[in-house]
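Undergrad: give me a model of this one.
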Amino acid sequence: MAAIPDQSTPTTPRRKAGRHRGEGQWAMGHHTPLNGNEQFKKEDDGLNVRTRIETVYAKHGFDSIDPNDLRGRMRWWGLYTQRKPGIDGGKTAVLAPEELDDRYFMLRVRIDGGRLTTAQLRAIGEVSQEYARGTADITDRQNIQLHWIRIEDVPAIWEKLEAVGLSTTEACGDCPRVIIGSPVAGIAEDEIIDGTPAVDEIHTRYIGNKEFSNLPRKFKTAISGSPVQDVVHEINDIAFVGVVHPEHGPGFDVWVGGGLSTNPRLAERLGAWVPLDEVPDVWAGVVGIFRDYGYRRLRNRARLKFLMADWGPAKFRQVLEDEYLERPLIDGPAPEQPSSRWRDHIGVHRQQDGRFYVGFAPRVGRVDGATLAKIADLAAAHGSDRLNTTVEQKMLILDVAEDQVDSLVDGLEALGFQVKPSPFRRGTMACTGIEFCKLAIVETKARGASLIDELERRLPDFTEPLTININGCPNACARIQTADIGLKGQLVLDDDGNQVEGYQVHLGGALGLEAGFGRKVRGLKVTSTELPDYVERVLVRFQEEREEGERFASWAARASAESLS
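TA: The predicted structure follows:
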């Protein structure tokens, strides 16, 4: 592992004022000028803010919080200020941060690999009810987010979560975020390799470690040995995908440099096969490259995907081998195509040990604290102590005896969850939206839930796998570019010329089979109220025009603009 470069003393000659020093790459000696984020990170590590939260801010209240902690370092402990109620989407990009900030926080509970015990889920439910006005959302990165958190309550929340082995450490911030993993790791009958030991080892070694607590931007990791390819590996900074090497057996194929937002890019293979016990070292090498060579000068170019775009996979692998691992990697095969068009594990499935796991679908990831506690109780009553979240905002209950399955399914349905959902409930996800997010322009969660209801009513016989992803702004937290129907929130004009909430439409995005970004039809925007009519119209045309066995994404790529409008 290369040493951490000195952050304080520039090693290149001083240039004239007004000229920047490269892209802010530490390994190239480029330490100045600093943008605002790099400045506050240089002044104090984000991990250090916990002490101030516990000893100062929780005791003296919101007004005592230093601005650089409030809108910066507190993210390292999973805390973002949420949006002040009543601010419409037209003011999102106009108001200053302090005008958008509410005096409450979103708190993200980090759930590596999506793995939960019933005790942990019950604890999250209790925190939700006691401190978060009952709120709880399952994210598309397997976390659970709570809202309406007061700074005064944060230490008590941490105590309750940490007592059952949960944390919010580096759940946000310019650091390694949650490690997403297969929700059926170690139990699926068709599993290539169980990545759980690598997830655990990376977490133990590096999460909360200052070696990687100051990265240019956030860093996203995915590890899965499932042939379903259930961790959206194509859009992570680093992903380890289960493959079988013809000589060395099961291991992982390494992908680097994926990401969405306003400059989407699919990850690329390094062409390297890595055995399970070497995954943490390779992971640390890639994070080290990002820390040392990542672009820190401009915030909008600070993700790893920009470095990969400039270097390419061959140079990236060479630097990884020469400077960080100090050994060559083994060449390896590419993964097979995903074994299923659905990657969420919904339904009833047999495990390796003869028991079953049951996957069920909340609507757009929205639950509540009381319901989380009931899910935990239901799982326990049917002999399970383990539950998992998925990257599709869904949940699984594991280790269910065969004679308990039907009763468990009945119990889930009594709570409003479906084990055999419609493709609309199964395939629709939504980000937080304007209700709580300071970046959002439009509402998403309620819009997604009502859209599901409308489509189930209007198209009851539609059975084709379909993804509908709804995002409240251009940042793509809900992965709009890779959905069959991606909806990017923005303000649009209705028929009367009034500015209203609406969406720019992306059609035909995909991950897995023929991975690629959706097609934007020129001028195609839809108001929120028109959304059910529009989606129904497009799906009916798809059914009328599709060739036998053709997927929606393939049809959308060849369909006329008239068919898509």
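
Undergrad: wait, what's in contact with the nearest residue to residue 281 once chain neighbours are set aside?
TA: Nearest-residue entry for residue 281: residue 325, 6.6 Å, with adjacent residues in sequence omitted and distances by C-beta to C-beta, 6 or more residues apart in numbering. For glycine as for every other residue, the C-beta is placed from the backbone atoms N, C-alpha and C. Contacts of residue 325 were listed using C-beta atoms under 8 Å, 6 or more residues apart in numbering, and they are 281, 282, 285.

Undergrad: now do the helices in the stretch 51-200 of the chain.
TA: Taking DSSP state H, counting those that start in this stretch to define them, one finds helices in the stretch 51-200 of the chain at 58-60, 67-70, 97-100, 118-131, 154-162, 196-206.

Undergrad: what does the second one rub up against?
TA: Counting by C-beta under 8 Å, 6+ apart, the neighbours of helix 67-70 from elsewhere in the structure are 40, 43, 49, 52, 57, 81, 98, 101.

Undergrad: nearest spatial neighbour of the third one, chain-adjacent residues omitted?
TA: It stands for residue 49. Take residue 49 and drop its neighbours on the chain: the residue closest to it by C-beta to C-beta, 6+ apart is residue 73, 4.0 Å away.

Undergrad: isn't that neighbour up against residue 37?
TA: No: with contact defined as C-beta atoms under 8 Å, residue 73 does not count as touching residue 37 (10.2 Å).

Undergrad: just give me the neighbour total for residue 262.
TA: For residue 262, the neighbour count with other C-beta atoms under 10 Å is 10.

Undergrad: can you check residue 495 too?
TA: Neighbour count of residue 495, defined by other C-beta under 10 Å: 7.

Undergrad: hang on, residue 213 is in a helix, isn't it?
TA: No: when DSSP: H, G, I helix; E, B strand; the rest coil is applied, residue 213 is found to be coil, with no helix at that position.

Undergrad: list the contacts for it?
TA: For residue 213, counting by C-beta under 8 Å, 6+ apart, the contacting residues are 45, 46, 47, 76, 170, 173, 175.

Undergrad: filter those residues down to the buried ones.
TA: Neighbour-count burial (16 or more other C-beta atoms under 10 Å) applied to the contacts of residue 213 gives 46, 47, 76, 170, 173, 175.

Undergrad: may I see those residues arranged in a markdown table, with pLDDT and distance to residue 404 as well?
TA: Formatted as a markdown table, the entries for the buried ones among the contacts of residue 213 read as follows, by pLDDT from 0 to 100; distance: C-beta to C-beta, whole Å:
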| residue | pLDDT | distance to residue 404 |
| --- | --- | --- |
| 46 | 98 | 44 |
| 47 | 98 | 43 |
| 76 | 98 | 41 |
| 170 | 98 | 37 |
| 173 | 98 | 41 |
| 175 | 98 | 41 |
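
Undergrad: dump the residues you listed to a markdown table, plus distance to residue 29.
TA: Converted to a markdown table, those look like this (distance: C-beta to C-beta, whole Å):
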| residue | distance to residue 29 |
| --- | --- |
| 46 | 24 |
| 47 | 26 |
| 76 | 27 |
| 170 | 27 |
| 173 | 25 |
| 175 | 23 |
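
Undergrad: pLDDT below threshold where in the protein?
TA: Where the chain drops to pLDDT under 70, the residues are 1-21, 513.

Undergrad: end-to-end on stretch 43-61?
TA: Terminal residues of stretch 43-61 are spaced 23 Å apart (C-alpha to C-alpha, to the nearest Å).

Undergrad: could I get the buried residue list for it?
TA: Using 16+ other C-beta under 10 Å as the burial criterion, the residues of stretch 43-61 that qualify are 46, 47, 49, 50, 52, 53, 56, 57, 58.

Undergrad: next: stretch 252-271.
TA: In stretch 252-271, the ones that count as buried by 16+ other C-beta under 10 Å are 252-261, 264-271.

Undergrad: then that stretch to PDB, C-alphas only?
TA: Backbone C-alpha positions of stretch 252-271 (Å, rounded to 0.1, in the frame of the first residue of the first chain) are rendered in PDB as follows:
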ATOM      1  CA  PHE A 252     -14.400 -12.200  -8.500                       C
ATOM      2  CA  ASP A 253     -14.100 -10.100 -11.600                       C
ATOM      3  CA  VAL A 254     -13.100  -6.500 -10.800                       C
ATOM      4  CA  TRP A 255     -15.100  -3.500 -12.200                       C
ATOM      5  CA  VAL A 256     -14.000   0.200 -11.600                       C
ATOM      6  CA  GLY A 257     -15.300   3.600 -12.400                       C
ATOM      7  CA  GLY A 258     -19.100   3.500 -12.600                       C
ATOM      8  CA  GLY A 259     -21.500   6.200 -11.500                       C
ATOM      9  CA  LEU A 260     -24.600   8.100 -12.600                       C
ATOM     10  CA  SER A 261     -25.600  11.700 -11.600                       C
ATOM     11  CA  THR A 262     -25.300  14.400 -14.300                       C
ATOM     12  CA  ASN A 263     -22.400  12.600 -16.100                       C
ATOM     13  CA  PRO A 264     -23.300   8.900 -16.100                       C
ATOM     14  CA  ARG A 265     -20.700   6.300 -16.900                       C
ATOM     15  CA  LEU A 266     -20.700   2.500 -16.700                       C
ATOM     16  CA  ALA A 267     -17.900   0.800 -14.900                       C
ATOM     17  CA  GLU A 268     -15.200  -1.000 -16.800                       C
ATOM     18  CA  ARG A 269     -13.600  -4.400 -16.200                       C
ATOM     19  CA  LEU A 270      -9.900  -4.500 -15.200                       C
ATOM     20  CA  GLY A 271      -9.800  -8.000 -16.700                       C
END
